[in-house]
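Participant: Next input, structure requested:
(one chain, ligands or ions: 1)
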Amino acid sequence: MPENRMVAGRPRRTDRITIYGEAPLPTHRGLFRTVVFRDAHSGAEHVAMVLGDVTGEPVPVRVHSECLTSEVLGSLKCDCRAQLDRALDLIAERGRGVLLYLRQEGRGIGLGNKIRAYALQAQGHDTYEANRLLGFPDDLRRYDVAADMLRLLGVRSVELVTNNPLKLAGLQEAGVKVRARIALPSPANPHNVEYLRAKRERTGHLIAIDPAPSSVAVGRRTTRATVAPRGDGRTRGAA
Ligand SMILES: [Zn+2]
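Facilitator: Numbers count the residues shown, from 1 in each chain. All right, here's what the predicted structure looks like:
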């Protein structure tokens, strides 16, 4: 079992965030350390799941935004839960890594507005048109908080687990040294295939979308098996 101690003497706050609490957290993937950060401006509590020593060589890092509808309620309209599970699986397989769980529902527009956007999507608009009709830009997510979290965890450089080139650029802009990108396959289903296509076409997500099956048993985990990873799912040299 890898060690999970924080390095003594490390700073516990930046101008934006403070480490508020941390504790060992046993999970079915192993013993993680969970660290809760408080955002001084918004009051939001963000979470890091840390496995192993993350202060040395480039660390596998997933920066993940909260998605209650998918992760808790089982919505098939997006791929967030699968991405979260796969990122944690990958960190457990490598024996080290960090998952940052940012409390910014619906690309930062909040849960209520996300559901309003879903109502517009039910009338035929895609995910980005719906946000614009509600008066929001495509993506309100910010990565300076994530960069601060990594700094306070002692992470010096990362292998970023993402399909999103904007996230990679946003983190680099915020000062994170990204040494490589690790791709995650996206499982398609009839409810999210348009969403995945829109992500790929409108914001250049590097997603390999396999065709959705003609019928899917809603709510069954077998929907995941419809997409096979391509190659070893790894791309080098993103930095
Ligand atoms: Zn989602």
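
Participant: Flag every buried residue along stretch 15-32.
Facilitator: Residues Arg16, Ile17, Thr18, Ile19, Glu22, Gly30, Phe32 are the ones in stretch 15-32 that count as buried (16 or more other C-beta atoms under 10 Å). Glycine gets a C-beta too; all of them are placed from N, C-alpha and C.

Participant: of those, the lowest pLDDT goes to which?
Facilitator: Least confident entry in those, by pLDDT: Arg16, with 92.

Participant: Could you report the neighbour count for the spatially closest residue to that one that is not a sequence neighbour?
Facilitator: Spatial nearest neighbour of Arg16, excluding adjacent residues (C-beta to C-beta, 6 or more residues apart in numbering): Asp148 at 5.4 Å. Close neighbours of Asp148, defined as other C-beta atoms under 10 Å, add up to 21.

Participant: try Glu93
Facilitator: So Glu93, with other C-beta under 10 Å, has 10 neighbours.

Participant: now the one 4 residues further on
Facilitator: Look at Gly97: counted by other C-beta under 10 Å, it has 26 neighbours.

Participant: cool, the one 4 residues further on as well?
Facilitator: Counted with other C-beta under 10 Å, the burial measure for Tyr101 works out to 20 neighbours.

Participant: Nearest spatial neighbour of it, chain-adjacent residues omitted?
Facilitator: Using C-beta to C-beta, 6+ apart and skipping residues adjacent in sequence, the residue nearest Tyr101 is Val47, 4.3 Å away.

Participant: show me the residues around the one you found that make contact.
Facilitator: Thr34, Val35, Val36, Phe37, Leu100, Tyr101, Arg103 (C-beta atoms under 8 Å, 6 or more residues apart in numbering).

Participant: Please repeat the previous calculation with a cut-off of 7 Å.
Facilitator: Contact partners of Val47, counting by C-beta atoms under 7 Å, 6 or more residues apart in numbering, are Thr34, Val36, Tyr101.

Participant: just Leu133 next, same as before
Facilitator: Counting by C-beta under 7 Å, 6+ apart, Leu133 makes contact with Leu120, His125.

Participant: Pull up the residues of the protein that are close to the ion.
Facilitator: With the criterion set to C-beta under 5 Å from the ion, the chain comes near the ion through Cys67, Ser70, Cys78, Cys80.

Participant: in which helix or strand would I find the second one?
Facilitator: Okay, so that is Ser70. If you go by DSSP states H and E, Ser70 is part of helix 68-71.

Participant: Just after that helix, pick out the following helix or strand.
Facilitator: Next along from helix 68-71, by DSSP H and E: helix 80-94.

Participant: quick one: that next one to chain centroid distance?
Facilitator: Mean C-alpha position of helix 80-94 versus that of the full chain (C-alpha atoms, centre = their mean, to the nearest Å) differs by 10 Å.

Participant: partners of the next helix or strand after that helix, with directions?
Facilitator: Sequence order places strand 97-102 as the next helix or strand after helix 80-94, per DSSP H and E. If you go by DSSP bridges, strand 97-102 pairs up with strand 45-51 (antiparallel), strand 59-65 (parallel).

Participant: Nice, that's everything, thank you.
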